[in-house]
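Novice: Sharing a sequence plus its predicted fold:
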Amino acid sequence: MYFIFCHICTLTLDWHKEFSFKEVTVNEDGTLEEETKNITYHFSNTAGQFGGIKPSDWTGERKAPGEIQMARANLIQTYGRLKQGIKEYDNLIANIKGLSKVIKAQYDGNIEDLDIQNAQIEEQIRLSDKIAAANEVELVARRAAETALNVANAVAEAFPESLGFSCDCTSVGRAAALSIGNLAHIGFSIGADIAAAAKLRNEQALDLSAARTDLTLTTNANNQAYLEAFTALQELIREEVPMQMELFSLQENINQAIGEYQAILAEGARVQDSYFVFRRQTAANVQSRRYKDMAFRIFRNDALQKYRAQYDLAARYVYLAAKAYDYETTLLSGTNAGQNFLTSIIKQRLIGTMNGNVPQQGAGLADPMAKMVENFGVFKTQFGFNNPIQETERFSLRFELFRIGNEPEDDEKWRNTLRAHVVDNMLDIPEFKRYCKPPNPVLATGEPAIVIPFSSTITNGLNFFGHEAIGGDHAYNSSKFTTKVRSVGTWFGDYSTLQGDGLLETPKFYLVPVGVDIQRSPSNSGTIREFKILDQVIPPPNAISDTELGESDWLPSNNLAGTFAQNRRFSSNRAYHDSGDFSTNEVHRNSRLIGRSVWNTRWLLIIPAHSLLGDREEGLNRFIDGLEVNGERNGNGISDIKLFFETISIDGF
């Protein structure tokens, strides 16, 4: 199968591109047949992205990138670096412009600040002069007022304090002294006022000097800030030229990446063209070789087909033998276990070595067959297959399965239990259809019967039917690794009273294991294993003649006497009256049950009504409720159903 790229269709609105391809197939006659197929690719519709993108519903990963994918990735990376460089250059220009605006705004603001400070100093000088003059006037006025007050006080002291005959001789002296003291006080106060005025002048001069100093410092700080800002601006301007060169380099890089991408695409186109040329040149040679190969395979495949069919048939027989070996030995693990032989058989591709009719160890299907034969010969003595333990046991369904006593008051309960297990047509039971042979002919209305299902077990502390063991129960030995059926029988208690005029002398029953056979491993662990048994008919193979091998339509199945799809069915067996004694004439060594484990998850005991009486309904009524006397049943139906097993038990290791 070949795919040939043809053309690219128009880009659709949803940003998908549809590509047309031709699928070329080679027919059996060597001719070429072309079929056009369309494949949709998804492309990015986002600015700054290139080429195709995966659909959102696709979650896989590419195993390894190709040259086109690597060149495309390089192109995308170069494009990203160019966009980043342009962005950085734009940021640099923006920074230069921004810093220039900041410097200008700062300069303009500083000039305004200096003008304000100069005006403030001049205003401060003018106000200081006015304040000093006002202060001096205030001091002079205060001292004049104080002098006037003091003079008034001195004059007042000059007047005598007594009149009449007494005389105040000291009034003039007190006035003179007070005047002298006031003059001295005024002199000192004037000196203090002069000192205060001088102090005020000095404080005003100090404030004016501080303001002028602040003006000088502000001017110097502004000059330093201007210098630093201009230095930073110069550094940004110096970075602009190298960044321009870097942008030119990035532009060249993206041009180179585009050229590499286009070169790889052109190389892919050349490879595709060379492929077309090669296909045309080799088409005739391939067609010729194809005819030769077809002729070779026709003759070869005929022989291989016959060999393979015969091998598959032999492998099926060997596989069935291994399944039987596994069932008989129930080994869990190890080289001698049946499961390992099954795996080995599946892996084989050859028949192996045969010495006459005896398989030999070595390779192929003969190897596991030879090992199984050899191992089973050893296991016969180790397991005790050559020395089995025989047992005979009878089990009462009434007492051991249904737990119904033998007292007269229990009879009605027993009869109700039997009625509960009556079915209208045993032919409708799936297990009967698969495992049992029906009677011939059958009634169109159906064949009624009593169908009793039960399970069995070999477990310590439980009876045969899985109930807790009590007095009168029967159970098999759980220390044996397997207990298998040798013969079976069924007895009907008190059936003899119904014979003659009551029921047929030869009742029948089916006893069918329809569940899973259970056995223990032969080792001390006693691990339980389950087996679903299919008792199928194995057709015996016949000898193959040279004439048959030469026939073009011969297959190994032509020599089989039957098919593998048929299973062996159980026929009904004779039931007997329970005489209380064991008799070999009253058991059946039916080959359908010989070798089956008595431990099974589901059994069916079927008692067909037609084997009791021609009138099916009357036969069941007599079997369960007894004969009819004066319009009523006498209640003397069968008193019990007993199963008999003759078994062989094997110890194991």
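Specialist: Ah, there it is.
Novice: Residue 239 and residue 92 touch, don't they?
Specialist: Yes. At 6.0 Å, residue 239 counts as touching residue 92 under the criterion of C-beta atoms under 8 Å. In this view, the C-beta of every residue, glycine as well, is placed from N, C-alpha and C.
Novice: Report the contact partners of the closest residue to residue 443 other than its chain neighbours.
Specialist: Of all residues not flanking residue 443 in the chain, residue 616 sits nearest, at 7.5 Å (C-beta to C-beta, 6 or more residues apart in numbering). Neighbouring residues of residue 616 by C-beta atoms under 8 Å, 6 or more residues apart in numbering: 443, 447-448, 609-610.
Novice: Next: residue 395.
Specialist: Residue 395 neighbours (C-beta under 8 Å, 6+ apart): 401, 464-465, 474, 642-645.
Novice: next one: residue 427
Specialist: With C-beta under 8 Å, 6+ apart, residue 427 has these contacts: 433, 438, 442, 446-447.
Novice: circling back: rebuild the contacts of residue 616 as TSV, extending it with distance to residue 295.
Specialist: Shown next, in TSV, are those (distance: C-beta to C-beta, whole Å):
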residue	distance to residue 295
443	64
447	62
448	67
609	68
610	65
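Novice: quick one: which of these is most hemmed in?
Specialist: residue 609 (23 neighbours; other C-beta atoms under 10 Å).
Novice: I'd assumed residue 619 was in contact with that residue.
Specialist: Yes. Contact criterion C-beta under 8 Å: residue 609 and residue 619 qualify, at 5.0 Å.
Novice: What part of this protein, helix or strand, is modelled with the least confidence?
Specialist: Between all helices and strands in the chain, the lowest mean by mean pLDDT, DSSP states H and E belongs to strand 2-8, at a mean of 37.
Novice: From the contacts of residue 616, pick the one nearest residue 629.
Specialist: Taking C-beta to C-beta as the measure, residue 629 lies nearest residue 609 of the contacts of residue 616, at 21.3 Å.
Novice: Just the CA atoms of stretch 262-277, as PDB, please.
Specialist: Extracted in PDB, the C-alpha atoms of stretch 262-277 (Å, rounded to 0.1, in the frame of the first residue of the first chain):
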ATOM      1  CA  GLN A 262      12.500  25.400   3.100                       C
ATOM      2  CA  ALA A 263      15.600  23.300   2.200                       C
ATOM      3  CA  ILE A 264      14.300  20.300   4.200                       C
ATOM      4  CA  LEU A 265      10.900  20.600   2.600                       C
ATOM      5  CA  ALA A 266      12.600  20.600  -0.800                       C
ATOM      6  CA  GLU A 267      14.600  17.600   0.200                       C
ATOM      7  CA  GLY A 268      11.400  15.800   1.200                       C
ATOM      8  CA  ALA A 269       9.900  16.600  -2.100                       C
ATOM      9  CA  ARG A 270      13.000  15.200  -3.800                       C
ATOM     10  CA  VAL A 271      12.800  12.000  -1.800                       C
ATOM     11  CA  GLN A 272       9.200  11.600  -2.800                       C
ATOM     12  CA  ASP A 273      10.100  12.200  -6.400                       C
ATOM     13  CA  SER A 274      12.800   9.600  -6.200                       C
ATOM     14  CA  TYR A 275      10.300   7.200  -4.600                       C
ATOM     15  CA  PHE A 276       8.000   7.600  -7.600                       C
ATOM     16  CA  VAL A 277      11.000   6.900  -9.900                       C
END
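Novice: what's the spacing between that stretch and its chain's center?
Specialist: 43 Å (C-alpha atoms, centre = their mean, to the nearest Å).
Novice: Low-confidence regions, the stretch 51-200 of the chain specifically.
Specialist: 51-62, 106-110, 112-115, 117, 119-124, 126-200 (pLDDT under 70).
Novice: same thing but 50
Specialist: Across the stretch 51-200 of the chain, the ranges flagged by pLDDT under 50 are 164-166.
Novice: Next one: the closest residue to residue 353 other than its chain neighbours relative to residue 377, how far apart?
Specialist: The shortest distance from residue 353 to any non-neighbouring residue, by C-beta to C-beta, 6+ apart, is to residue 360 (4.2 Å). Here residue 360 is placed at a distance of 15 Å from residue 377 (C-beta to C-beta, to the nearest Å).
Novice: Give me the more crowded residue out of those two.
Specialist: residue 360 (15 against 10).
Novice: Could I get the phi/psi values of residue 534?
Specialist: phi -120, psi 110 (degrees, to the nearest 10).
Novice: follow-up on the earlier one: find residues that contact each of residue 239 and residue 92.
Specialist: By C-beta under 8 Å, 6+ apart, no residue touches both residue 239 and residue 92.
Novice: returning to what we had before: list the contacts of the residue nearest to residue 353.
Specialist: For residue 360, the contact set (C-beta under 8 Å, 6+ apart) comprises 352-354, 366-367, 370.
Novice: hmm, back to that, which of the contacts of residue 427 has the most neighbours?
Specialist: Ranked by neighbours (other C-beta under 10 Å), these are led by residue 447, which has 21 neighbours.
Novice: Now the closest residue to residue 423 other than its chain neighbours: phi and psi?
Specialist: By the measure of C-beta to C-beta, 6+ apart, the closest residue to residue 423 outside its immediate chain neighbours is residue 451, 5.1 Å from it. Per-residue torsions, residue 451: phi -120, psi 120 (degrees, to the nearest 10).
Novice: pretty sure residue 451 contacts residue 430?
Specialist: No. Taking contacts as C-beta under 8 Å, residue 451 lies outside contact range of residue 430: 11.8 Å.
Novice: For the two, work out which one has more neighbours and name it.
Specialist: With neighbours defined as other C-beta under 10 Å, residue 451 and residue 430 compare such that residue 451 has more, 18 against 8.
Novice: Run through the bridge partners of that one.
Specialist: residue 606 (DSSP bridges).
Novice: how about residue 424, what does it touch?
Specialist: Residue 424 neighbours (C-beta under 8 Å, 6+ apart): 446, 448.
Novice: how close does it sit to residue 448?
Specialist: Residue 424 sits 6 Å away from residue 448, going by C-beta to C-beta.
Novice: Over to residue 99?
Specialist: Taking C-beta to C-beta, one finds residue 99 at 111 Å from residue 448.
Novice: re earlier: can you tell me which residues contact the residue nearest to residue 423?
Specialist: With C-beta under 8 Å, 6+ apart, residue 451 has these contacts: 421-423, 426, 429, 604-607.
Novice: okay, now residue 233: neighbour count?
Specialist: 16.
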